[in-house]
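Enquirer: my questions concern the predicted model and sequence given below.
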Amino acid sequence: MSEQENHITRIEQDGKEYILIGTAHVSKESAEQVKQVIEAELPDAVCIELDQQRYQSIRDGNKWKDMDIFKVIKEKKATLLIMNLAISSFQKRMAKQFGIEAGQEMIQGIESAEAVGAKLVLADRNIQVTFARIWGGVGFKGKMMLLTQIIAGIFSNETITEEELEQLKEKDSIDAILSEFTEYFPSLKKPLVDERDQYLAEKIKRAPGKKIVAVLGAAHIPGVTKEMNHDHDLKALTTVPKKTNWKKGLGWIIPILVISLILSTFFLNPDAGWQQMQSWLIWNGSLAGLGALIAFGHPLAILTAIISSPITSLNPFIAAGILAGLVQAYFNKPQVSDFEKLNEDVYSIKGFWKNKVTRVLLVVIITNLGSTLGTIVAGTDIARLFIENIM
């Protein structure tokens, strides 16, 4: 069998030799191949398709114990954490069905690098950066679709066939769970696949020594091989795009517009103005509260969502979901046992809602979605009443 058929690609470039191993993230054979190649080649460095966060997760199975849930909420990272948990759930479902351990080839790469004294290089981009760049590439509708697919993926008990498993072997975990979503948003292929190929290629090129072995998912091999011929700016690839001035200003447009319409309507017809205020309070409060209720939030978290949403919807710096999530975390604070069981609990619907960590995250996310929907519905009704009174 040729090296190409055996998923091994050799590249000679700038006086260095690169050996790329295209692995299947759900294959026992891939782990064995990684071990054999590293032991035979004795490379100076071994690059693996992991970032620091995922590497630490492998090295320290108790990392969840150190999570500060209040910090996660305040830094607005609840959605990113949910995405991470979705991938974990996806991997565990396959592991349970087929008796395999996802990512075993990366673990083998770490162990073999240590065994031969090679420098270990974490070559993948931070997963939170990837998710942040994906999140920034879709509008409200896209965010709704993405969260729906992720949560549906977590709760799905559907099994996959052997044929589907073989197809999944050609994808990494992130690609697999978001593959259907990218069909609706083809532009997201850039942050999800293309940019990561560029990042991986540059990290591999910068690895120390003359002989480098890289352990990558088979789906990345063609792209990385191509990108090895180019230089890439790692800083640019890891920068989370900040809101431009006009986007920051956009956050104030809705509050200013809503307040202006209500004041103008009050001037024309006080009764209609009161109707607008009632619409704003009712739709914002009720839909945000409904979101917290769907997430099985603490009664005070639900009340916080109802009271705060009409106010926070007029302030782009704070969200009802953050306030409700903080109240949820305070009155139903996750214990060490919740963090310890997190990886297992996300595998089932019951566990996902029962675990206090994930329930806090759901309160934040679903409350925010309810509040946003309430703003849209109430804003539309306010505009309708204003138009009716100027006609």
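Expert: Nice, thanks for sending it over.

Enquirer: give me every residue that touches Ile306.
Expert: 285-286, 288-289 (C-beta atoms under 8 Å, 6 or more residues apart in numbering). Placement of C-beta: from N, CA and C, glycine included.

Enquirer: whoops, I mixed them up, Asn368
Expert: Taking C-beta under 8 Å, 6+ apart as the test, what Asn368 contacts is 288, 291, 319-322.

Enquirer: which strand or helix spans it?
Expert: Taking DSSP states H and E as the definition, Asn368 sits inside helix 356-390.

Enquirer: try Pro310
Expert: Short version, using DSSP H and E: Pro310 is in helix 299-312.

Enquirer: about what we covered before: tell me what angle the helix holding Asn368 forms with helix 299-312.
Expert: Note on geometry: by axes from the mean of the first three to the mean of the last three C-alpha atoms, to 10 degrees, helix 356-390 and helix 299-312 are set 40 degrees apart in direction.

Enquirer: when you give positions from now on, start the count at 21
Expert: Yes, from this point I'll number from 21; that puts the last item at helix 376-410.

Enquirer: for helix 376-410, which positions count as buried?
Expert: Buried residues in helix 376-410, counted by 16 or more other C-beta atoms under 10 Å: 376-395, 397-399, 401-402, 405-406, 409.

Enquirer: give me the low-pLDDT residue ranges for the stretch 121-270 of the chain?
Expert: 121-122, 156-208, 261, 263-270 (pLDDT under 70).

Enquirer: picking up where we left off before, average pLDDT for the helix holding Asn388, rounded please.
Expert: Looking at helix 376-410 alone, the average pLDDT works out to 90.

Enquirer: cool, stretch 66-83 as well?
Expert: Average pLDDT, stretch 66-83: 77.

Enquirer: could you export that stretch as CSV, CA atoms only?
Expert: Output of stretch 66-83 as CSV, limited to C-alpha atoms (Å, rounded to 0.1, in the frame of the first residue of the first chain):
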residue,chain,number,x,y,z
VAL,A,66,5.3,16.4,16.6
CYS,A,67,2.4,18.7,15.7
ILE,A,68,-1.1,17.6,16.8
GLU,A,69,-4.5,19.1,15.8
LEU,A,70,-5.3,20.4,19.3
ASP,A,71,-5.3,23.8,20.9
GLN,A,72,-4.2,24.5,24.5
GLN,A,73,-7.8,24.2,25.8
ARG,A,74,-8.4,20.8,24.3
TYR,A,75,-4.9,19.6,25.2
GLN,A,76,-5.5,20.6,28.8
SER,A,77,-8.8,18.8,28.7
ILE,A,78,-7.0,15.6,27.8
ARG,A,79,-4.2,16.0,30.3
ASP,A,80,-6.5,17.1,33.1
GLY,A,81,-9.8,15.3,33.3
ASN,A,82,-10.8,17.4,36.3
LYS,A,83,-10.5,20.8,34.5
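
Enquirer: next, count neighbours for Gln76.
Expert: By other C-beta atoms under 10 Å, 12 other residues sit near Gln76.

Enquirer: same question, Gly243
Expert: 18.

Enquirer: need the contact list for the closest residue to Ile402 other than its chain neighbours.
Expert: Closest residue in space to Ile402, ignoring its immediate chain neighbours: Gln296 at 4.6 Å, by C-beta to C-beta, 6 or more residues apart in numbering. Counting by C-beta under 8 Å, 6+ apart, Gln296 touches 281-282, 285, 401-402, 405-406.

Enquirer: show the pLDDT at Gln296.
Expert: The model reports Gln296 with a pLDDT of 93.

Enquirer: helix or strand: which one has it?
Expert: Counting by DSSP H and E, Gln296 is part of helix 290-314.

Enquirer: list the buried ones in that helix?
Expert: Within helix 290-314, the residues that count as buried by 16+ other C-beta under 10 Å are 292-293, 295-296, 299-313.

Enquirer: same list (the contacts of Ile326) but as CSV, adding distance to Lys36 and pLDDT.
Expert: Output for the contacts of Ile326, formatted as CSV (distance: C-beta to C-beta, whole Å; pLDDT from 0 to 100):
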residue, distance to Lys36, pLDDT
Gly305, 62, 95
Ser306, 62, 96
Ala308, 56, 96
Gly309, 60, 96
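
Enquirer: can I get the residues you listed in CSV with distance to Leu254?
Expert: Formatted as CSV, the contacts of Ile326 follow (distance: C-beta to C-beta, whole Å):
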residue, distance to Leu254
Gly305, 46
Ser306, 47
Ala308, 40
Gly309, 44
